[in-house]
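**Student:** Could you look at this predicted model? Sequence included:
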Amino acid sequence: MKCDVYLTFDGNCEEAMLHYQDVFDGEIDIMMRYSEGPPEYNSPGIENKIMHTTMRFGTNCELKASDRMDITIEKGNGYHVSVLADDEDQGQSFFSGLAEGGHVTMPFDTVFWGGKFGSVIDRFGVQWMVSTAHGENA
């Protein structure tokens, strides 16, 4: 079994995914635009928006996303995308990249349960938790 994260954006999916590609040193496998899909999914004005994209990073991580122009996207506070970094340096790098233009809700620092942890709402309204392994306090 595998569980992936699928994010929905209201027109800035490509910008967000290119940012995440940079932050996580990822590789975008596919970035399909609405103009490449069936005509019934392609409306005037959305031709260049993202119908589906997948980015791979780390050992076994995937982030999938799309633009949805037919619904109102409401940013929620009932979820976080959680990333476990390989080490403190990688965790700090991820956290700093996600915090660019965003809002830090908990600084990336040593926590009582061990390791390092921080949370941030990025500039796209996505909530992230970045952590290192428990007990890693380098």
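**Tutor:** Right, received. Where do you want to start?

**Student:** What segments of this protein are strands?
**Tutor:** 5-9, 27-33, 50-57, 61-67, 81-84, 103-110, 116-121, 127-131 (DSSP state E).

**Student:** so what strands line up beside the first one?
**Tutor:** Note on strand 5-9: by DSSP bridges, its sheet partners are strand 61-67 (parallel).

**Student:** contacts for the partner strand?
**Tutor:** Residues outside strand 61-67 that contact it (Cβ atoms under 8 Å, 6 or more residues apart in numbering): 4-13, 16-17, 20, 24, 26, 34, 46, 49-57, 81, 83. From N, CA and C alone the C-beta is placed, and that goes for glycine too.

**Student:** try stretch 3-16
**Tutor:** With Cβ under 8 Å, 6+ apart as the criterion, stretch 3-16 contacts 31, 49-50, 53, 62-69, 72-73, 81, 124, 126.

**Student:** out of those, which are buried?
**Tutor:** 31, 49-50, 53, 62-68, 124, 126 (16 or more other Cβ atoms under 10 Å).

**Student:** what two of those residues are the furthest from one another?
**Tutor:** Spanning the widest gap among the buried ones among the contacts of stretch 3-16 are K49 and E62, at 20.7 Å by Cβ to Cβ.

**Student:** now stretch 27-37, how far from the chain's geometric center?
**Tutor:** The chain centre lies 17 Å from the centre of stretch 27-37; the measure is Cα atoms, centre = their mean, to the nearest Å.

**Student:** tell me which residues in that stretch are buried?
**Tutor:** Using 16+ other Cβ under 10 Å as the test for burial, stretch 27-37 gives I28, M31, R33, Y34.

**Student:** before we move on, what about stretch 83-101?
**Tutor:** Taking 16+ other Cβ under 10 Å as the criterion, stretch 83-101 shows 83-85, 88, 90-95, 97-99 as buried.
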